[in-house]
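Participant: Below: sequence and its predicted model.
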Amino acid sequence: MKIYKYFLLLIAILLTSAITKAQDSTRVIKFNQTNIGIPITKSEFDRKISNYVKLMSDWTTFKPEEYIDMVRAYNTIGGSLPINNDFYKTYYTVFLIMYSKLAAKSLDAELRKGMAMYSEKYKIWIGDVPLGNDNSRFKIDTAK
């Protein structure tokens, strides 16, 4: 069973490589998204990512509060960080492929405009976050 989990993780990583090679890894930021979100230090953010990658590789079942944290990390990586770091790329892909639907179901999120999902109950977006939404992503403080 453990080999099966690692095989799925390997497939997710390979799919990410194929997807990101088709796209430019740098993002054009038309507005300042770095001032939007829940404040977190870079070391705390990296610790969360590392912990969730490990838990996802074990097919852990998460609580809604944990999914909220995971969605914020996913949105942060997808919305404001260039996905050229393999560490972030792994989290982003594994969450997208293996956990995004589970998170949406757990958070009672529904499909909205722009193919993003929104949870009215938790006031959080999964995916394409509208401008000014502070609840759906982290704001990484790289100075600490």
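Facilitator: In hand now; what should we look at? Numbers count the residues shown, from 1 in each chain.

Participant: Name the residue closest to the centre of the chain, please.
Facilitator: Relative to the mean C-alpha position of the chain, the nearest C-alpha, by CA atoms, centre = their mean, is the one of residue 74, at 1.0 Å.

Participant: Please name the residues that touch it.
Facilitator: Applying CB atoms under 8 Å, 6 or more residues apart in numbering to residue 74 gives the contacts 91-92, 95-96, 100, 126. C-beta here means a position set from N, CA and C on the backbone, and glycine is covered the same way.

Participant: at 7 Å what do you get?
Facilitator: 92, 95 (CB atoms under 7 Å, 6 or more residues apart in numbering).

Participant: what about it, which SS state?
Facilitator: helix (DSSP: H, G, I helix; E, B strand; the rest coil).

Participant: pLDDT wise, what is it at?
Facilitator: Note on residue 74: pLDDT of 93.

Participant: what does residue 83 give?
Facilitator: On the pLDDT scale, residue 83 gets 59.

Participant: again, but for residue 139
Facilitator: 87.

Participant: how far out from the middle of the chain is the helix or strand hosting residue 70?
Facilitator: Per DSSP states H and E: residue 70 is located in helix 64-79. Distance of helix 64-79 from its chain centroid, counting by CA atoms, centre = their mean, to the nearest Å, is 5 Å.
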